[in-house]
Structure formats: structure tokens, C-alpha cells
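# give me a model of this one.
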Amino acid sequence: MGKTRSSKNKTGASSRASTSKAEQPTATDLIAQAHAYLGQSNFEQAINSLALALDIEPANREAKEILGIAEIEGGDVEKGREHLTGLLPPHVQDPAPSTYLYLAQTAPTPQEALQLYESAIKLLESKIEAFSTRGSGMEEEDADADVDVDVTKEELMKECITALVAMIEIWMSDLCFEPQASSECDTLIARALSIDPNDIDALLTLSSIRMSQSKADEAKQVILQVSRLVMDVIDRIDKAEDEGEAAVTSTNTETSDTTGQDRMADEADSNPVVRDLPSIPTRHLLTRLLLEHHQYVQALRVNDSVRREDELEVEGCYLEGWAWYCRGEAIEAGDEEGAKEKLPEEETLPSKNECWTEALSSFMECASLHESQEHPDQGILAHVQELIPLLEKAGIVVEVDDEEAGEDVDMA
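Have a look, this model is predicted:
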């Protein structure tokens, strides 16, 4: 019996050891865990996970890069930059563009930042070229050396443009008084637009350059070009939604809806630059620029896409109110440029008071959202609190349904 009991114990211990070994996280698991911690701004735990990953795989470059990023984000910039620098030549022969980009963002001088961005851009351009060469019939084993299967050519193009725009921002801020600043901006934006002539962020940067060069008319034309690109996406989204709603009452719902979506996708494929709406911050910027140039209806339509995407977004709510307020002023002043357009759902132009009623409703909602979310932008709240009494003094009243009373617009 003793022998049998001993045998069972050995077997049980072996099983537990095997299970314990199987449950040990891999370096890949720990890196994924670190990404999750970074998403929660838990830099300490991310660093701990990455340290464990490097214990398992000391040469893992992804872990080293993310460790450097986590340290920088956690406040230890010097240590983080040291880790990232170790991933550049002469330490490694094939650095990743992302390493240069992260280092550029924390460079101690604008000149060093420019050099790091340029190094990243050259690597990105070579990868973009590899995609093009691959498509032109180059032997796959030769082309694939520079092609990352985890990214698309479009993603590389966007990353390259983003780096070029970052360089322009340095020339327009830290180095704006350098005699070559204007020409450098022109050269860099030309490079960005040669990669993608319809890139929204590049075009908005072009408008900023033209404004800084006192070329207001050219800047306005660029902004209107951007607006047309964004409107094209919005119109196609609206069309797809309308077709989808109509399909609900059809006997062939699935076929009709899919057809509409496929048609929208086909249009997007023919012009991949505008297949998706730009980011919310980019649409905020475009809305503000359209308002500056008295394009109130276009501003409302662009901002409406933000509101539909996130109805609780504070800045979108504020810009909605400001656009209606400015439109009302334009109508009152007889501003031909600002008052002649109608929204698609409008049969006639609204009156000043109708615009201001919409504005007051948005401002009151914005103030409520600002308070409930403890939003950090106090400038928005100050402006809203300045405009609400002005509109109320002008006799503007927001009618509230009984069900809504005491909810979003309760500003007592």
C-alpha cells in the first residue's frame, strides 16, 4: 500500500507541476497585458509585465519598445529614451520607424526631433515603395523583406503623412522665426500631398501654412476642398442609412441593405482616401475653420456627424450651439455668404430666432454635459455661460417636453 500511495503522490505532484508550467504566461501574453495596462494609464503595472516578458525573451524588441514608451508615459523620460535608443543603429541594423517616431516626440531640441522624424519617414517611404514594387511584379522573396504583413500600404502612407505634418508643426512653432521656415513648410507639405493629395490632415495643415503666409483666400479654398471631401463621406453614409431604413419594410431586407452597403464600399474603394470619416478632433478643427470662414451650414453638417457618433461629446455640443448662434447673427446682419445656404432638411431659411433657439438648446445641453463629465476645457464652459444669458435676454426660450423636464436642460 505504501508503495502505491507513494506512486500516486509522485503522479499528483507531476501533474500539478505540469499544470503550473502550462499556466505560466508567455512573453506574448505579458506584452498583451502591458498594452491593456497602457490603455488604462497604469504605467507601473505595464512596466512590471514588460520586465517579466523580457525575463522570458530578453531580445524581444516589441517588449523593449513598449517598455520605453511606458517609462516615458509614466514620467521617466530619460530611462524610456535610453531603452528606445537601444533599438536604433548601431545596436540594431533594422530599426522600426515607430522607434524614431516615439523618440522624436520627446526630443530635447526641435532640430533633433526633425532628424528623428526624417529617419522614420525614410523607413516608411521604403516600406511604401516595397508595397508598390511588390505589386509591379517583383520577385516576392525580394519584395517581402521590407513588407510588414501586419500593416497595409494605406496605414504606412498615413503614418508617413502624420510624421511630415509633425515636422511642419515644429517649423510653424519652435522654429517659426527661422528664415527658411516658410520654404521648409512648403517642401514638407508638398511631400505629404504627393503621398496622398486628398489626406484631410495634410490639407488642413496646408490651410494653416497658407494662413501663416497671409494667403487667406488660398487657405479658404483648401478648407472648402476638405469640407467637400468630408461631405462626400457624410452624404454616402446618409444614403446608405436611408437605403437601410427603406430595406426594413422590403420583403427582401437583407439583399437590399447589403446592396446599399456594397455600393457604398465600392465608392470608397474607388477613392480610398475618403472612405471613412476623419477623427472627431479633425472634424472639430474643420468645423471651427468653416465657422471662421462663415460656412455655417457646412459647419453644422460636419459637426452633426460628430453628434451622431457621440451625442455626449462636449465640444461637439458646444460647436453645434456656436454654429447656430453665428448663423442667426449672419441672417440678422444679412450676411450673404453666411446666410444663403440651407440644410438638406430645410425648405426655407430659418429666422434669426429659430437659429438662436437651436443655439440656446445646444448651449444648455453643453453646460449640463460639461458639469456631469467634469470636462477639463473651462474655456468652453465660460463661453457657454456668457452666451446663455445673452440669448435669454433677447427673449429666446427653449421649450422642454414634460418627459425631458428636469433632465438634460435643467439649468436652474
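
# do a quick rundown of the helices in the stretch 51-200 of the chain.
Using DSSP state H, counting those that start in this stretch, the helices of the stretch 51-200 of the chain run over 61-73, 77-85, 97-105, 110-135, 140-143, 153-172, 181-195, 200-212.

# need those in a markdown table with distance to Thr287, mean pLDDT and mean neighbour count, can you?
(Glycine included, C-beta is placed from N, CA and C.) Formatted as a markdown table, those follow (distance: least, Cβ to Cβ, whole Å; pLDDT from 0 to 100; neighbours: other Cβ atoms under 10 Å):
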| stretch | distance to Thr287 | mean pLDDT | mean neighbour count |
| --- | --- | --- | --- |
| helix 61-73 | 30 | 95 | 21 |
| helix 77-85 | 34 | 95 | 16 |
| helix 97-105 | 27 | 96 | 21 |
| helix 110-135 | 28 | 91 | 18 |
| helix 140-143 | 42 | 45 | 12 |
| helix 153-172 | 19 | 96 | 20 |
| helix 181-195 | 22 | 97 | 18 |
| helix 200-212 | 11 | 96 | 21 |
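
# now render those helices as CSV, adding distance to Asn42.
Listed next are the helices of the stretch 51-200 of the chain as CSV, based on distance: least, Cβ to Cβ, whole Å:
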stretch, distance to Asn42
helix 61-73, 9
helix 77-85, 16
helix 97-105, 19
helix 110-135, 28
helix 140-143, 40
helix 153-172, 26
helix 181-195, 35
helix 200-212, 30
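
# go through stretch 343-357 and flag the buried ones.
Neighbour-count burial for stretch 343-357, counted by 16 or more other Cβ atoms under 10 Å, picks out Pro350, Lys352, Asn353, Glu354, Cys355, Trp356, Thr357.

# which one of the helices of the stretch 51-200 of the chain lies nearest to Leu224?
Ranking the helices of the stretch 51-200 of the chain by proximity to Leu224 (Cβ to Cβ) places helix 200-212 first, at 9.6 Å.

# continuing past the closest one, what's the next helix or strand?
Next along the chain after helix 200-212, taking DSSP states H and E as the criterion, comes helix 216-248.

# pull out the buried positions in that next one.
Buried residues in helix 216-248 (16+ other Cβ under 10 Å): 219-220, 222-227, 229-230, 233-234, 236, 240, 243, 247.

# related to what we said a few turns ago, so which of the buried residues of stretch 343-357 comes closest to Pro90?
Of all the buried residues of stretch 343-357, Pro90 sits closest to Cys355, with 63.8 Å by Cβ to Cβ.

# out of everything not next to it in sequence, what's closest to that closest one?
Closest residue in space to Cys355, ignoring its immediate chain neighbours: Gly328 at 3.3 Å, by Cβ to Cβ, 6 or more residues apart in numbering.

# isn't the one you found up against Leu360?
No: with contacts counted by Cβ atoms under 8 Å, Gly328 stays clear of Leu360, the gap being 10.1 Å.

# flag the shaky bits of the stretch 251-400 of the chain, pLDDT-wise.
251-275, 400 (pLDDT under 70).

# just the element for the residue nearest to Cys355, please.
Using DSSP H and E, the secondary-structure element containing Gly328 is helix 314-333.

# name the helices or strands packed onto that helix?
When contacts are defined as 3 or more Cβ pairs under 8 Å, 6 or more residues apart in numbering; DSSP states H and E, helix 314-333 packs onto helix 280-292, helix 296-309, helix 336-339, helix 352-373, helix 378-393.

# tell me which of those lies nearest to Gly39.
Between Gly39 and the helices and strands packed on helix 314-333, the tightest spacing by Cβ to Cβ is seen for helix 280-292, at 18.1 Å.
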